[in-house]
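[1] here is my input, please return the structure:
(2 chains)
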There are 2 protein chains.
Amino acid sequence: MDPPSLEQEEEKVLVSEHSWRPFPKARRRLRGCLEVVKGLLFRVGEDWYFLFVLGVLMATISFMMDLIVFRLYEAHRWLYQEVGDYLVLKYLSWTIYPVALTAFSTGFANSITPYSGGSGIPELKTILSGVEMKEYLAIKNFGAKVVGLTCTLSAGSTVFLGKLGPFVHLSSMAAAYLGKMRTSVIREYEDKFKQNEMLVAAQAVGVATVFGAPISGVLFSIEVMSSHFAVRDYWRGFFAATCGAFMFRLLAVFNSEQETIAALFKSDLKIDFPFDLPETFFFMILGAICGAIACAYLFCQRWLLAAVKENRLTGRLLATDKPLYTALVVLLLASITFPPGLGQLMASRLSMKEHLISLFDNRSWFLLAQNASMSTTQLGDPRGLWQEWCHPSATIFGTLVFFLLMKFWMLTLATTLPMPAGYFMPVFVYGAAIGRLHGEVLAWLFPHGIRAEGTAYPIVPSGYALAGAAAFSGAVTYSVSTALLVCEATGHMAHVLPVVLAVLVANAITQKCQPSFYDGTIIVKKLPYLPRIRSRHIASYRVVVKEFMEQQVVAVTKSDGFEEVLAALTATTDKEYPVVESKGSPTLVGTISRAKLVAFLQSHEHPQAPPGPLQEKPASTGTLGEDCAIEPIVLQLSPWTSLHQAHHLFELLKLQCIFVTHYGELVGAVTRTELRRAIEELAKDA
Amino acid sequence: MDPPSLEQEEEKVLVSEHSWRPFPKARRRLRGCLEVVKGLLFRVGEDWYFLFVLGVLMATISFMMDLIVFRLYEAHRWLYQEVGDYLVLKYLSWTIYPVALTAFSTGFANSITPYSGGSGIPELKTILSGVEMKEYLAIKNFGAKVVGLTCTLSAGSTVFLGKLGPFVHLSSMAAAYLGKMRTSVIREYEDKFKQNEMLVAAQAVGVATVFGAPISGVLFSIEVMSSHFAVRDYWRGFFAATCGAFMFRLLAVFNSEQETIAALFKSDLKIDFPFDLPETFFFMILGAICGAIACAYLFCQRWLLAAVKENRLTGRLLATDKPLYTALVVLLLASITFPPGLGQLMASRLSMKEHLISLFDNRSWFLLAQNASMSTTQLGDPRGLWQEWCHPSATIFGTLVFFLLMKFWMLTLATTLPMPAGYFMPVFVYGAAIGRLHGEVLAWLFPHGIRAEGTAYPIVPSGYALAGAAAFSGAVTYSVSTALLVCEATGHMAHVLPVVLAVLVANAITQKCQPSFYDGTIIVKKLPYLPRIRSRHIASYRVVVKEFMEQQVVAVTKSDGFEEVLAALTATTDKEYPVVESKGSPTLVGTISRAKLVAFLQSHEHPQAPPGPLQEKPASTGTLGEDCAIEPIVLQLSPWTSLHQAHHLFELLKLQCIFVTHYGELVGAVTRTELRRAIEELAKDA
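    Reported below is the predicted structural model:
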């Protein structure tokens, strides 16, 4: 039999196609509808699908990381229990594990890219203020940071570090990478603008996928990152953060950890009578305490960060042998938290999440310790976690105070480690411990509640733990939205008013005395930074641009040739040069980038150079005005613009440099350096 | 006996002073400390005490108003019950009371000032965008609005209006008034800047004192009012709103309404299992429904607002006889809600707060109606409120559907009433009813929950009521923070994720199709308004200032005398005139205000005028450059600035007019009118 000819086969296909596609009209109409829907949904420029992908991606990574960290942590716990009662073995298994993990984390992350260490938030803050630091958003940091962070977190509460900052960084990297895939928009300005929008949304995703808290994710990222925010971009953050938080909680349900979507640190605080009115004062006192401790912490942290770099031994270690430095520091931290040693006084067997759950326990530990006979500790049961805080020879007050004292310097030391790690979560736990102590002391002082008459309602110490966590972390990061964060993370809303009060008091104190954690790091790392003008500097209202602008601006003129351009290029390293009409009448015409000037030099010939023998066509001899495209000026200041106005413009428009003209003539330039100097001089005069 | 001499008395005083003031050193030191504390707290420019006063003041007014409204409402209820079973008397007592109150409200408010009607939010939004409308912030509106609003609210659910908008307006007026008392700052620019900061805080106070919700108060006011927000000003809003919300709830405790500070519409939604995972889809469907209804509502509302003005009869009534118009409309509304008539099908005996409490009831009405034998309705018991929604001849579905259908047009009609009233609360209640209906239908369809296997968890309809309220009110006002508002107002956090989802879906639909409630009112009222550039207008990236700027700018030159200035002043009505070097080379030198030009004319003499016989000293004959102070230019655009950049600058810096220069020479000007026209043309082309 002949094989069926090509035509026959084609016909068959056509027939079968036909037989499989009935109702051509209905199909066409349906296809039309689908096209319209597609057009509506995927219109260029509307980036909800991109935000959706970002949220889901980051949530999945966050969840997977949590899973792996949990397994690694369990493995450590198992190892520690299996080695038996030999104290040396126990000590080795307790210390070597985190030392190895963190040393690997440091080495791995730093070997791939030097930008993957630390939290990344200070750098992102700088980027959002308009400075270009493309290497920080390069996708190659991503893998290094993910692996490094997983190892850091697996070291557990020994190292006492979190994942918020790195996740914000990871999310921003993912957004920048995804952004490259989108339809490119036309102008550089719009592109930068768009990227900013996306970065803000990405940061919200970072926070939301760590805490499963969409609303406070958006707010926290705004407060920490930006100086100004466009309400038009709100929905981006909300949408992406909601997708992220939803996916994050959804995965927990699929993994059978929970029956349905619920808060991350769900606590059954009783809702009937959360707090009595006079307790508001105690909440405010707690806020003041948290503010004061936050000041001390910020000061010590900044001092230590600088001291470690300046000290000869540690400075050399940090420069050349980062993993060794990490190993030594973590060995010290692990030795101190060794459970049969000092660790038993600071509940060191708990993971950070268990710390939080036990601190947010709605029963009073003091009463529990009085009533219950000390049973053997069961680490599996969340309601028994509080027993870790009991010690036969110390009351719970003793262990809490010891925990706070030791963790203060241990946490400060841990922030100097050069590996991917977040610093928000430890601060959050520390604040919860402050609040718990405060609450337990109150519950001990007023065992029958505060009210003199009527029904007695006992004090709920976990309410204070909530307020402490929010107030301390809020004070350290200069943010108010931590108040909402504790509500969202615990699913408990009844304490919101006193918590907000405590956060406001703590913030008022810290903002008076110290720069925030992130600003402090920016200052120590010497990143570009624009200080705020404090309202107490009344003289600031009288300062005008004329007084602090840079008057020696290197400008090129339209008639410049090779030599003048070369002279200008060697005179400064500016990225942009102003172009003026002529030396005589320096009317500002536009700007020209350094790259274009270099290209101009390459295409032109030095007038005194001998004609090159290999040159095929003679180089152009035109002037700058003829051969170079001059960028128009968008904005210009006048010498009488006030410092406040200039500062406002720099913050709002994320400017780097702006020229000052007087009657159209170039008279100076203002960059962030000049602004900063002017503001710092104000502070000196005051 | 001689009277004691003056010296003796003085000595006595000195002795007694001395005897009453021991420890001079300690006292001096203490006084020094107090001075330092005072210096710290009351430093000029730090306005926390001012914000505190604002919060407490508005909270007190809000609470007192609630009290009075409650009493007036009770009086109406009493009257209605006391008149016995005569249907005519019942009808008269039901209708006359609200008609009288609202007519008085309209008449009183409008007779004192024409600016006290409506909600005030559209006008405030315009003010915050940089337009000066001082009369709207004048304190004389305050009393008119307070009295008028109290009467409006006392008319109860018959008129179905709320108090959010007017409270935001009241709070802003109070802030503007208090602001005048503060230390005056040096420049006009800073002063305006400061006033803006205060207005934003005041708006947060307005929302917070109505709902007792500090965090969502801040967020809602930001979303609704501003286009951009400075994070630096966050704390102001938070602080003032917290003080306000705290005071508001505190007064409720002092008044023995509650035992401690709790949420306003506290609902005991069960927290163990708020919703099952598949229900998320139903929440999103609810969001879509709310979005669609919001579109219809916004369209009808805008149409009716314009139609009522254009119609000859109603237009004349509104222009000349506002109270009569109000009385007629309210008579219609009250007749429809008459309980023995149609009112029994729409639970018209409940106040708006009772509506909300019954809609947020955590039990399923459908199940309740099945199980319970119909007892007589007790209006006092909040747990019996749902029975108002039952009707012997209609199921609860019937009453809910009827309520939604009737209230749709009744609400639209009520928004045309020219009296002080808020439109947020009715929208909120309406949304809750949509959600309740959706939830009850689901509970009826899936009586044993959605899950096929495992434990059955019944559906909680009140969760849908929460989501509906947030989604509908969010869609109408273009805001996402209503999701947080329902959480704060009910003290219930477990539903936050699905609620946010529903709000986002509803917002996505509405923002595609209709301008927001406030923007719509701004359009109808023809207030200055800057539309946003939609991202689907890709062509917008190519438009530059050159194409849409006003090229015919009336400028004055430095050498102008009387005649030229007079000609310029008569040519346009601009508030500011650009000053150029000379007609030949129009280099922009600065600006000069209209007022100064008028002053120039008054102090100079027309060259052809005969010397006045009464003139003592001869008028100056100098030119403009010699006799007038020219304001320097702060910002200028170039013809190649893009539409996006210009729009961004106008929004960010709240500009009204900006000049365009090319090589320093004036070539045009851009005002909001030109920008708006350019954006509208984009929409036409698309």
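[2] now the residue in chain A that chain B sits nearest to. Nearest residue, chain neighbours left out?
    Closest contact between chain A and chain B, by Cβ to the nearest Cβ, is at A:Gly664 (1.8 Å). (C-beta placed from N, C-alpha, C; glycine too.) Distances taken as Cβ to Cβ, 6 or more residues apart in numbering or on different chains put B:Gly664 closest to A:Gly664, at 1.8 Å, once the chain neighbours are dropped.
[3] now A:Tyr423: phi and psi?
    Main-chain torsions, A:Tyr423, degrees, to the nearest 10: phi -110, psi 10.
[4] what's the answer for A:Tyr529, then?
    Backbone geometry at A:Tyr529, expressed as degrees, to the nearest 10, gives phi -150, psi 130.
[5] isn't it right up against A:Arg676?
    Yes - using Cβ atoms under 8 Å, A:Tyr529 is in contact with A:Arg676, at 7.1 Å.
[6] circling back: now the residue of chain A closest to chain B: how far from A:Phe283?
    Distance from A:Gly664 to A:Phe283, counting by Cβ to Cβ, to the nearest Å: 59 Å.
[7] with A:Leu298 instead?
    Going from A:Leu298 to A:Phe283 by Cβ to Cβ gives 22 Å.
[8] now do A:Thr455
    Taking Cβ to Cβ, one finds A:Thr455 at 21 Å from A:Phe283.
[9] neighbour count winner among the two?
    Each of A:Thr455 and A:Phe283 has its neighbours counted (other Cβ atoms under 10 Å in any protein chain shown); A:Phe283 has more, 27 against 8.
[10] who's in contact with the residue of chain A closest to chain B?
    Contact partners of A:Gly664, counting by Cβ atoms under 8 Å, 6 or more residues apart in numbering or on different chains, are A:587-588, B:587-588, B:661, B:663-665.
[11] same check on A:Phe408?
    A:Phe408 sits next to A:293, A:296-297, A:300, A:430 when contact means Cβ under 8 Å, 6+ apart.
[12] could you do A:Leu466 as well?
    Counting by Cβ under 8 Å, 6+ apart, A:Leu466 has contacts A:269, A:360, A:432, A:435, A:486, A:490, A:492, A:495, A:499.
[13] Three-state assignment for it, please.
    Look at A:Leu466: counting by DSSP: H, G, I helix; E, B strand; the rest coil, its state is helix.
[14] spatially nearest residue to it, not counting backbone neighbours?
    Closest to A:Leu466 by Cβ to Cβ, 6+ apart is A:Val486, at 4.9 Å.
[15] what is the burial count for the one you found?
    Neighbours of A:Val486 (other Cβ under 10 Å): 32.
[16] enumerate the residues of the stretch 451-600 of chain A near chain B.
    Contact residues, the stretch 451-600 of chain A versus chain B (Cβ under 8 Å from any Cβ of the partner chain): A:480-481, A:483-484, A:487-488, A:491-494, A:496-497, A:500-501, A:504, A:507-508, A:512, A:532, A:535-536, A:538, A:541-542, A:581, A:587-589.
[17] from those residues, which land in helices?
    Members of these lying in helices (criterion: DSSP state H): A:483-484, A:487-488, A:496-497, A:500-501, A:504, A:507-508, A:512.
[18] for ChimeraX, write a command that selects the buried ones of those residues.
    In ChimeraX syntax, the buried subset of these is picked out as below (16 or more other Cβ atoms under 10 Å in any protein chain shown):
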select /A:483,484,487,488,496,497,500,501,504,507,508
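[19] that older thread, tell me the contacts of the residue nearest to A:Leu466?
    Per Cβ under 8 Å, 6+ apart, neighbours of A:Val486: A:466-467, A:469-470, A:499.
[20] using TSV, lay out those together with pLDDT.
    What follows is the contacts of A:Val486, written out as TSV (pLDDT from 0 to 100):
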residue	pLDDT
A:Leu466	92
A:Ala467	95
A:Ala469	95
A:Ala470	95
A:Val499	92
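[21] these two touch, right, A:Leu637 and A:Ile658?
    Yes - A:Leu637 is within contact range of A:Ile658, at 5.6 Å (criterion: Cβ under 8 Å).
[22] and A:Ile592, that one's in a helix?
    No - counting by three-state DSSP, A:Ile592 is not part of a helix but strand.
[23] how far away is it from A:Val554?
    For A:Ile592, the distance to A:Val554 - Cβ to Cβ - is 12 Å.
[24] among the two, which residue is more densely surrounded?
    The neighbour count for A:Ile592 versus A:Val554, taken as other Cβ under 10 Å, is higher for A:Ile592 (22 against 14).
[25] wait, isn't the more buried one in contact with A:Asp574?
    No - using Cβ under 8 Å, A:Ile592 is not in contact with A:Asp574; the gap is 10.6 Å.
[26] name the helix or strand for A:Lys661, please.
    Quick fix: residue A:661 reads Thr, not Lys. For A:Thr661, the element it lies in under DSSP states H and E is strand A:657-662.
[27] hmm, who's touching that strand?
    Contacts of strand A:657-662 (Cβ under 8 Å, 6+ apart): A:545-546, A:549, A:553, A:574-576, A:578, A:588, A:591, A:633, A:635-639, A:641, A:646, A:649-650, A:666-671, B:664.
[28] just how off-centre is that strand within its chain?
    Strand A:657-662 sits 34 Å away from the centroid of its parent chain (Cα atoms, centre = their mean, to the nearest Å).
[29] same question for stretch A:500-516.
    How far stretch A:500-516 lies from its chain's middle: 20 Å, per Cα atoms, centre = their mean.
[30] also stretch A:283-294?
    Worked out by Cα atoms, centre = their mean, stretch A:283-294 lies 24 Å from the chain centre.
[31] can it be said to contact chain B?
    No - using Cβ under 8 Å from any Cβ, stretch A:283-294 stays clear of chain B, coming no nearer than 10.8 Å.
[32] so how far is A:Val670 from A:Thr557?
    22 Å.
[33] wait, I meant A:Arg542
    According to Cβ to Cβ, A:Arg542 stands 17 Å off from A:Val670.
[34] more neighbours: these two, which one.
    A:Val670 (24 against 11).
[35] give the burial count for A:Ala595, as a bare number.
    Summarising burial for A:Ala595: neighbours were counted as other Cβ under 10 Å, giving 10.
[36] in what helix or strand does it lie?
    Assigning secondary structure by DSSP H and E places A:Ala595 in helix A:594-603.
[37] which residues sit against that helix?
    The contact list for helix A:594-603 (Cβ under 8 Å, 6+ apart) reads A:556, A:562, A:565-566, A:568-569, A:573-577, A:619-620, A:624, A:627-629.
[38] please repeat the previous calculation with a cut-off of 6 Å.
    Residues outside helix A:594-603 that contact it (Cβ atoms under 6 Å, 6 or more residues apart in numbering or on different chains) are A:565, A:569, A:575, A:620, A:628.
[39] can you name the two of those that are farthest apart?
    Maximum pairwise distance among the contacts of helix A:594-603 (Cβ to Cβ): 24.3 Å, between A:Lys575 and A:Ser620.
[40] which ones are touching the nearest residue to A:Met198 once chain neighbours are set aside?
    Spatial nearest neighbour of A:Met198, excluding adjacent residues (Cβ to Cβ, 6+ apart): A:Ala175 at 4.7 Å. Shown in contact with A:Ala175 (Cβ under 6 Å, 6+ apart): A:54, A:198, A:202.
[41] doesn't the second one lie inside a strand?
    The reference is to A:Met198. No - secondary structure of A:Met198 (three-state DSSP): helix, not part of a strand.
[42] okay, now the unreliable bits of chain A?
    Flagging of chain A using pLDDT under 70 yields the residue ranges A:1-21, A:39-46, A:181-193, A:257-273, A:372-383, A:452-454, A:535-538, A:605-621, A:686.
[43] walk me through the domains of it.
    A:279-313+A:346-368+A:377-524, A:538-606+A:620-685 (automatic domain parsing).
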